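> next one to model:
(one chain, ligands or ions: 1)
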Amino acid sequence: MDLRFSKADEAFRAEVRAFLRDNLTDDLRAAGRAAASAFSEKEWNIGWLKVLNAKGWAAPHWPVEHGGTGWSVTQRYIFDTECALAQTPNLSPMGLKMVSPVIMAFGRPDQKAFYLPRILAGEDYWCQGYSEPGSGSDLASLKCRAVSDGDDYIIDGTKIWTTQAHFANRMFALVRTDTSGKPQEGITFILIDMATPGITIQPIITLAGDHEVNQVFFDGVRVPKANRIGAEGEGWTIAKYLLVHERSSSYGAGVRVSLKRVREVAAATGALDDHAFRMRLAEAGVALEALTMTEHRVMAAISQGAMMAAESSMLKTQGTELMQRVNELGLEALQHAVMPYEHRWIRPGANDAPLGPQEAPVMIAQYLNNRAMSIYAGANEVQRNIMSKLVLGL
Ligand SMILES: Cc1cc2nc3c(=O)[nH]c(=O)nc-3n(C[C@H](O)[C@H](O)[C@H](O)COP(=O)(O)OP(=O)(O)OC[C@H]3O[C@@H](n4cnc5c(N)ncnc54)[C@H](O)[C@@H]3O)c2cc1C
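Okay, the predicted model is just below:
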């Protein structure tokens, strides 16, 4: 197996690097570098999306007919890796990677024509209304009710852990339209305009001190039935389709840049002189290469239309747990330097300053924030259940 890039791929990498050099402003890069969570705040990730969209590179994984680039899996990998290394703001996956495949696969032609261009252009900012208090892993037990009223549904209930709902102007949600049969049969997938009267958003402050997630309340919220995706009661099938796309996110590029940061910080703090630490760093590096190869294979299969449910659960567990391992190594590296408490929330220095203990604020925030990685998009224990069922038939 020849793992080197071809000449054409190297030329593509040079093109991506030149584009990043010319278009990634200092502000955007500083925001990307300081980001603690899976995706940057709206101002930055929409700002970067608009730059990408002007070049036609906003959604490389989309089919060309809807605005994708037609790149090979290797080109997409090169693009993701170069963006991560250049520390671009992380784009929100809610529109680009989660609801868009659903709209493409299950939406009506008018829904595709309306929503997809708005996602590419950054005109809509989406949040995900799946989880409820008491309905997380056991998602099919959800209770948020949508009652038919002429051409509309009236929605009452609540959603919780809704990431960036306070920035979003649209939500894709699972609502209960029927309580008579099996829980899975009475669920409907609907798109909600967040400006509709009756919606209240209440912040939840996380362990890292961030306002990232929320509880959203619906009190008699009137939503046109025309906003439904697929048929009434088809929501469970659509929800699972979306989750496969959500869990198949690419983790390798982000882990790679975090590992590079840890290595540089460890060199500056002296942690790299510790043999046992170096071994653990090397093990994480090997695991990263294995993850990257697996991601390639899964991405290639998905881009040809395969439903990779077990594989997406495997990528999710491997990617998130490796990232958490790298974050822990980062804290170990920092422990070698004494960090005065008052420096905790200082932003890192100039973009090209050598990495060292001054990275502590970002690395600690990332460590805290990434504790949630093994919970969101379906807890990793539940992913292991899915794999044992689908792969081992248990
Ligand atoms: C930071 C963050 C952001 C999130 N963003 C969103 C969002 O934008 N939209 C959204 O809809 N949801 C979001 N979520 C919710 C997330 O999907 C749920 O937290 C997750 O599905 C787990 O559900 P739960 O919190 O109710 O925990 P529970 O389901 O109550 O699980 C508690 C524990 O029990 C374990 N467990 C549960 N069932 C089983 C089982 N059958 N076998 C083995 N172990 C089991 C779980 O692994 C977990 O450790 C977010 C969560 C977090 C933490």
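> for the rest of this, base every contact and every neighbour count on C-alpha atoms.
Will do.
> how many residues are close by the closest residue in space to Gly70 that isn't next to it in sequence?
With sequence-adjacent residues excluded and distances taken as CA to CA, 6 or more residues apart in numbering, Gly70 is closest to Val64, at 5.6 Å. Residues near Val64, counting by other CA atoms under 10 Å, number 12.
> how about the residues of the stretch 51-200 of the chain near the ligand?
Contact residues, the stretch 51-200 of the chain versus the ligand (CA under 6 Å from any ligand atom): 127-131, 134-138, 161-163.
> and the longest helix seen in the chain, what other elements does it pack with?
The longest helix of the chain (DSSP state H) is helix 275-303. Applying 3 or more CA pairs under 8 Å, 6 or more residues apart in numbering; DSSP states H and E, we find helix 275-303 packed against helix 73-86, helix 252-269, helix 309-335.
> wait, what's in contact with the closest residue to Gly285 other than its chain neighbours?
Counting by CA to CA, 6+ apart, Gly285 lies nearest to Leu259, which is 7.6 Å off, once chain neighbours are set aside. Taking CA atoms under 8 Å, 6 or more residues apart in numbering, we find Leu259 in contact with Leu281, Gly285, Val326.
> redo the helices and strands packed on helix 275-303 as JSON lines? Include mean pLDDT.
Putting the helices and strands packed on helix 275-303 into JSON lines (pLDDT from 0 to 100) gives the following:
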{"stretch": "helix 73-86", "mean pLDDT": "91"}
{"stretch": "helix 252-269", "mean pLDDT": "91"}
{"stretch": "helix 309-335", "mean pLDDT": "93"}
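> let me know the pLDDT of whatever residue of the stretch 201-350 of the chain ends up closest to the ligand.
Here the residue of the stretch 201-350 of the chain nearest the ligand is Val213; by CA to the nearest ligand atom that distance is 6.0 Å. What the model reports as pLDDT for Val213 is 95.
> now Ala59. Nearest residue, chain neighbours left out?
Closest to Ala59 by CA to CA, 6+ apart is Gly68, at 5.3 Å.
> contacts only, for that neighbour.
For Gly68, the contact set (CA under 8 Å, 6+ apart) comprises Gly56, Trp57, Ala58, Ala59, Pro60, His61, Trp62.
> give me every residue that touches the fifth one.
Spelled out, that is Pro60. With CA under 8 Å, 6+ apart, Pro60 has these contacts: Gly68, Thr69, Gly70, Trp71, Arg76.
> ok so, going back, list the beta-bridge partners for the residue of the stretch 201-350 of the chain closest to the ligand.
Ile204 (DSSP bridges).
> hmm, it is touching Ala168, no?
No: Val213 sits out of contact with Ala168 when judged by CA atoms under 8 Å, with a separation of 11.6 Å.
> state the number of residues packed around the residue of the stretch 201-350 of the chain closest to the ligand.
Residues lying near Val213 (other CA under 10 Å) number 19.
> can you check Arg222 too?
By other CA under 10 Å, 22 other residues sit near Arg222.
> repeat that for Leu49.
23.
> and it, helix, strand or coil?
helix (DSSP: H, G, I helix; E, B strand; the rest coil).
> please give the element, helix or strand, for the closest residue to it other than its chain neighbours.
Nearest residue to Leu49 in three dimensions, chain neighbours excluded: Ala58, at 6.0 Å (CA to CA, 6+ apart). Here Ala58, judged by DSSP states H and E, is contained in no helix and no strand.
> near Ala58, how many other residues are there?
Per other CA under 10 Å, the neighbour tally for Ala58 reads 23.
> what sits against it?
Taking CA under 8 Å, 6+ apart as the criterion, Ala58 is in contact with Leu49, Lys50, Leu52, Gly68, Leu120.
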